[in-house]
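*Asks:* 3D model of this:
(one chain, ligands or ions: 1)
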Amino acid sequence: NRAWRGVIEEYRDRLPVTARTPVVTLLEGGTPLLPAPRVSAMTGCDVWLKVEGANPTGSFKDRGMTVAISKAAEAGAKAVICASTGNTSASAAAYAVRAGMACAVLVPQGKIAMGKLAQALVHGAKLLQVDGSFDDCLELARKLAEHYPVALVNSVNPHRLQGQKSAAFEIVDALGDAPDAHCLPVGNAGNISAYWMGYREYAADGLSTRSPRMLGFQASGAAPIVRGAPVTHPNTIATAIRIGNPASWQLAVNARDESGGDIQAVTDRQIAAAYRLLAQEEGVFVELASASSVAGLLQAREQGLVRPGERVVCTVTGNGLKDPDWAIAGAPAPTTVAVDAHAAAAALGLA
Ligand code: F0G
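*Replies:* Numbers count the residues shown, from 1 in each chain. Okay, the predicted model is just below:
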């Protein structure tokens, strides 16, 4: 019963670090694996939520960023760059501060949640809003990293996926074995690939007896892997996964096929419903993109792709506080009252 030491120290022997690697950490990982009684009752499955919004910057990106920034520091980098729908930039900005590096981020203008913008700015990143999509931002970031002295920390950097695989380790460590199925959102397709790497690694080393079927979910307006072709103008309310040409496309397809899983589309309406379900029935406030894992589980259950009695983990990837605008817009307007107990009681329906 000791204090959590962060992803690198907890899983050092499974990560590409040596005694010479400076460990840049905010003590990420060690996030709750929370039973979901209401979703379990709805599906007949034994459902657990891996609550990644509990990471230091509020998303799973921190698991990968601790490794990517530590390796960049080891290589002598003075500056890092990333393209982002918001969470990667928030994480890169914070870890760059910790490492004493400069950080540049490229985001699609007007298409990232306000909390994420706030994070990049408060940590002092140089933020460029690009008149284009996330896919345009990533292409630009790759070019800049190729021609200028700045290290790319998007998930095309293999150290990111190495760090992110630690979430699969934690799940097996907590449950004693891998679940039957694992549901998660798919955007740039790095995370599903990282989980699959982690599950396979534990199974190969005899730390689990099986690996789960990987079930990935894209938003229907941004579902290139489901379609089998890039989407030029991706669109969804789940801005974190508004991506038309995922960088880890092939790795995600491999994870799907090797695990006997699937990658499907869920509509914005399904995502919004799962978002409210998690907030109002499970007490877990996630961002919209994160809810696609649970929206996807409900859909997969209906299709018989997941059966009653099976153990299922849904990763909820980011904290709902990142997008307060959406939460407020979807709720009834608050009532204003005078400093008066009778008026307050009446407004609350108590009197
Ligand atoms: N959920 C959230 C909250 C995300 O921010 C992302 C990706 C995903 C899911 C999808 O994960 O890309 O590994 O398939 N966000 C990236 C970013 C693109 O820039 O923050 P993925």
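*Asks:* tabulate the CA atom coordinates of the helix or strand bottoming out on mean pLDDT in the chain in CSV.
*Replies:* Ranking every helix and strand in the chain by mean pLDDT, DSSP states H and E puts helix 324-329 at the bottom, with a mean of 92. Taking C-alpha atoms only, helix 324-329 is exported to CSV below (Å, rounded to 0.1, in the frame of the first residue of the first chain):
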residue,chain,number,x,y,z
PRO,A,324,-18.2,23.0,-19.9
ASP,A,325,-20.0,24.7,-22.8
TRP,A,326,-21.5,21.5,-23.9
ALA,A,327,-22.6,20.4,-20.4
ILE,A,328,-24.3,23.7,-19.8
ALA,A,329,-26.0,23.9,-23.2
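*Asks:* can you pull the buried residues of it?
*Replies:* For helix 324-329, a neighbour-count test (16 or more other C-beta atoms under 10 Å) marks 326-327 as buried. All C-beta atoms are positioned from the backbone trio N, CA, C, and that covers glycine.
*Asks:* again, but for stretch 26-36
*Replies:* Neighbour counts over stretch 26-36 (16+ other C-beta under 10 Å) mark 26-29, 31, 34, 36 as buried.
*Asks:* what does stretch 208-228 give?
*Replies:* Result for stretch 208-228 [16+ other C-beta under 10 Å]: buried residues 208, 211-226.
*Asks:* from these, which ones fall inside strands?
*Replies:* Among these, the residues falling in strands (DSSP state E) are 213-219.
*Asks:* test my guess that residue 238 contacts residue 288.
*Replies:* Yes. Using C-beta atoms under 8 Å, residue 238 is in contact with residue 288, at 4.2 Å.
*Asks:* shared neighbours, those two?
*Replies:* Residues within reach of residue 238 and of residue 288 at once, by C-beta atoms under 8 Å, 6 or more residues apart in numbering, are residue 271.
*Asks:* quick one on the thing from earlier: and the two most separated of the buried residues of stretch 26-36?
*Replies:* The most widely separated members of the buried residues of stretch 26-36, counting by C-beta to C-beta, are 26 and 36 (26.7 Å).
*Asks:* let me see the contact set for the nearest residue to residue 14 once chain neighbours are set aside.
*Replies:* Excluding the flanking residues, the one nearest residue 14 by C-beta to C-beta, 6 or more residues apart in numbering is residue 201, at 6.7 Å. Contact partners of residue 201, counting by C-beta under 8 Å, 6+ apart, are 14, 165, 168-169.
*Asks:* again, only using 10 Å
*Replies:* Contact partners of residue 201, counting by C-beta atoms under 10 Å, 6 or more residues apart in numbering, are 14, 165, 168-169, 172, 207-208, 211.
*Asks:* what count of nearby residues applies to residue 81?
*Replies:* Using other C-beta atoms under 10 Å, residue 81 has 26 other residues around it.
*Asks:* do the same with residue 124
*Replies:* So residue 124, with other C-beta under 10 Å, has 13 neighbours.
*Asks:* before we move on, what about the one 3 residues further on?
*Replies:* Around residue 127 sit 17 other residues, with neighbours defined as other C-beta under 10 Å.
*Asks:* what kind of secondary structure is it in?
*Replies:* Secondary structure for residue 127, judged by DSSP: H, G, I helix; E, B strand; the rest coil, is strand.
*Asks:* was I right about it contacting residue 117?
*Replies:* Yes. Between residue 127 and residue 117 there is a contact at 7.5 Å, judged by C-beta atoms under 10 Å.
*Asks:* got any residues that touch both of the two?
*Replies:* Listed as contacting both residue 127 and residue 117 by C-beta under 10 Å, 6+ apart are 89, 105, 107.
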